[in-house]
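**Q** here is the input, now give the coordinates:
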Amino acid sequence: MSMKKIYAVFGLGRYGSAVAGELVNNGVEVIAVDIDERTVSAAADKFPICKCADITDPEVIRQLGISNVDVVIIAMASNLEASVMAVTLCKEAGVKTVIAKCANQMHQKILTRVGADKVVFPEDESGIRLAKNLLSSGFVDMVSLAKNVSMVELDIKPEWIGKNLIELNLRKKYSLNVVAVRRGDMVSVDIDPQESFRETDKLIVIANTAKLAKLK
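**A** Numbering: from 1, shown residues only. Okay, the predicted model is just below:
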């Protein structure tokens with residue numbers, strides 16, 4: 001049985017708090033960090049591990065045990081210098097996935113260049129949506145349509161390659177309603193149930209959010 005991932009969120013503003021909150025609510029271990037003591041004090045009741053620290057200090061990164069963290073979300077778009085330092089230190093510590101929030105396209109280029117694996121614009125992706133995507137391992141994207149219903153774009157599983165919708169019977173097995181297939185830059189909603197799936201295909205489905213855990 002695989003161990004749960006460990007996450008760290010740097011910056012507990014509105015966006016960072018939303019990410020950390022959604023992760024914690026789903027039973028995930030999160031190290032929440034902010035440099036402002038008042039912010040940390042206000043957030044301490046929400047996050048079991050909540051630290052006041054300067055994440056641009058290499059020694060602080062070491063003391064926080066960031067080398068043991070699987071995913072770091074850097075949510076300090078207003079402070080580019082701190083974000084760049086945090087990305088650099090996290091990658092040097094061996095963090096596999098570093099996600100950084102940015103303020104504009106120039107910042108996006110800079111953060112990508114120094115090693116960020118993904119850069120998000122807060123106006124385009126809410127903190128809660130990012131957390132849901134992180135929790136839904138294997139999903140390309142996930143959008144909540146209602147409290148219990150989500151639309152998800154997901155990769156073709158290895159055992160689905162070469163099989164078609166009739167053979168897979170995804171509706172019965174996973175309660176998935178396939179609404180479209182993405183093949184390269186083309187998205188088709190006119191799906192041939194007898195056409196075999198390719199390794200690079202992606203499915204766009206609508207499903208009960210709770211049942212999506214079967215696909216993890």
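
**Q** C-alpha from now on. contacts and neighbour counts both.
**A** OK.

**Q** tell me the SS of the nearest residue to C50 once chain neighbours are set aside?
**A** Among residues not flanking C50 along the chain, A32 sits closest, at 4.7 Å (CA to CA, 6 or more residues apart in numbering). Secondary structure, DSSP: H, G, I helix; E, B strand; the rest coil: A32 is strand.

**Q** tell me the contacts of the closest residue to A180 other than its chain neighbours?
**A** Ranked by CA to CA, 6+ apart and with sequence neighbours excluded, the top spatial neighbour of A180 is V189, at 4.3 Å. Counting by CA atoms under 8 Å, 6 or more residues apart in numbering, V189 touches 179-181.

**Q** buried subset of those residues?
**A** With burial judged by 16 or more other CA atoms under 10 Å, the buried subset of the contacts of V189 is 180-181.

**Q** out of the contacts of V189, who's nearest V84?
**A** V181 (37.2 Å; CA to CA).

**Q** for the closest one, phi and psi?
**A** The phi and psi values for V181, taken as degrees, to the nearest 10, are phi -130, psi 130.

**Q** so it sits against F197, correct?
**A** No: if you go by CA atoms under 8 Å, V181 and F197 don't touch, sitting 9.1 Å apart.

**Q** quick one: least confident helix or strand in the protein?
**A** Between all helices and strands in the chain, the lowest mean by mean pLDDT, DSSP states H and E belongs to strand 139-144, at a mean of 54.

**Q** just the strands from the protein, written as ranges.
**A** Ranges of strands in the chain, per DSSP state E, are 6-10, 29-34, 49-52, 71-74, 97-101, 118-120, 139-144, 149-155, 176-183, 186-188, 202-208.

**Q** any chance of those in a markdown table, with distance to V87 too?
**A** Below are the strands of the chain laid out as a markdown table (distance: least, CA to CA, whole Å):
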| stretch | distance to V87 |
| --- | --- |
| strand 6-10 | 10 |
| strand 29-34 | 14 |
| strand 49-52 | 18 |
| strand 71-74 | 8 |
| strand 97-101 | 7 |
| strand 118-120 | 11 |
| strand 139-144 | 23 |
| strand 149-155 | 27 |
| strand 176-183 | 32 |
| strand 186-188 | 34 |
| strand 202-208 | 30 |
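
**Q** re the thing from before, now do the residue nearest to A180 against G13, distance only.
**A** 39 Å (CA to CA, to the nearest Å).

**Q** please apply the same query to D192.
**A** With the distance defined as CA to CA, D192 ends up 47 Å from G13.
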